[in-house]
Structures are given as C-alpha cells and as structure tokens.
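Enquirer: my questions concern the predicted model and sequence given below.
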Amino acid sequence: MRMCGRAALALLLMSGILAGCGGNPVPPGETQGASASATSGGSTPVTPGGSAPATSGSSAPVPSTLTITSAAWPDGGALRPPYACDRLGDPSVSPPLSWQGAGAEVRNYAITVIDVDQYNLVHWAVFDLPATITELPEGASGSLPAPARELGNGYRLPCPPPGVLHHCVLTVWALRGPVNGVADLPGAALAIGRTTAIYQR
C-alpha cells in the first residue's frame, strides 16, 4: 500500500512539472489585444518614409478669392435694365465684367448667374472660357471665344414678378480643367469670385 501511495505521489509531482514547462501564463487581454490590433486596423499604418498616409477624411484646399469688377452688377447694389427685364420680352444683354486674382495653374474659367430667390434658377452659365480671357464686354453672350460654350441659349434676363425683391449672384470660377456642368464647378474651383446684385421690377 505504501508503494502504491508513493507511486501516486510521484505521478502527481511529474504532472505538475510538465504543466509548468508549457510556458508562463499570459495575463488576460494581452494576446487578445495584440491580435485585435493586427487584424482590425486598431493602429494607423505607416509608410516606409515614416509618415502616416493621408486619409480620405482630409479636407480639400479652400479656393482663393477672385476680384470681380462690373458696373452693371454692383455687389449689394441694384441690377437695372438692360441686364434685367423691364418688361417681358425685353432683349437679353449680358453684363460687362472683368476679374483678377487667379494663379498660373488655372486652365479655364466658368461664369454663372443664379437667382437664389427663384429656386436657384440659372440665368447664365459659361464653360471652358480660356484662361487668357479675364474680361467680357457687354453683350458677349452668343459670341464667346472658342472653345467656350454656354448653357442653353446663353444669357437670360432675370425677370421676377413685379414687386418681388430678388438677389442675383454672378460668380466667376477659376478652374483646374474642363467640367461637364454647373454641379461640377465647386469641386474643380481653384478660385472663386462673386458679386450679388438686387433686382425688383
């Protein structure tokens, strides 16, 4: 019986030693934390140069400001015929304007006239105006230099109902390249200039 007891005790001691050789126990969370970091992107990856790559959330450059000059379209002032209608059927005459302040990287310009009090109605949209052009004479709509193009039939007179005050925003866009339409202008703009005239029949 003593021999059996000693044998059992020896077996118990051996099993404890073997269990101890399996390695030190890891505090809860250490191994799991390293694994989660490697698999779930818990840390920001770094490029070989040592800097973190740009993320999709980085903000785009803010466009600089163009200076617009137009006696026909005074900022905060009154818009008058022939650049707005006195009565329905008046001929459309686009305003004279010039602008400055664009950088050398500008490839072309666009111009828009939008009535913000009439569901953002577009009265004029010019695209692909060459970068060498920085002014337009009165009545230029319909005879712009190539490859410039206009939306629809060109400049349309703002003509709100009598007695209603409307704000008409003329914007010049300095662009980094061609665009397909008005909706593409903000994303392609390197510089922007605006002047807002007020009209009431």
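Expert: Cool, got the structure.

Enquirer: all helices for the protein, in order.
Expert: 2-20, 30-40, 185-188 (DSSP state H).

Enquirer: which one of those has the poorest average confidence?
Expert: Of all the helices of the chain, mean pLDDT reaches its minimum on helix 30-40 (a mean of 32).

Enquirer: where does this protein have low pLDDT?
Expert: Counting by pLDDT under 70, the ranges of the chain that qualify are 1-60.

Enquirer: what is the burial count for the closest residue to residue 138 other than its chain neighbours?
Expert: Excluding its sequence neighbours, the residue lying closest to residue 138 (CB to CB, 6 or more residues apart in numbering) is residue 96, at 4.3 Å. In this view, the C-beta of every residue, glycine as well, is placed from N, C-alpha and C. Residues lying near residue 96 (other CB atoms under 10 Å) number 17.

Enquirer: wait, residue 96 sits on residue 170?
Expert: No. At 11.3 Å, residue 96 and residue 170 do not qualify as touching, with contact defined as CB atoms under 8 Å.

Enquirer: which neighbours do the two share?
Expert: Here residue 96 and residue 170 share the contacting residues residue 70, scored by CB atoms under 8 Å, 6 or more residues apart in numbering.

Enquirer: who are the contact partners of the residue nearest to residue 138?
Expert: 70-72, 135-138, 140.

Enquirer: for residue 67, same thing?
Expert: 99-101, 193.

Enquirer: give the bridge partners for it, please.
Expert: With beta bridges defined as DSSP bridges, residue 67 has these partners: residue 100.

Enquirer: all set now, cheers.
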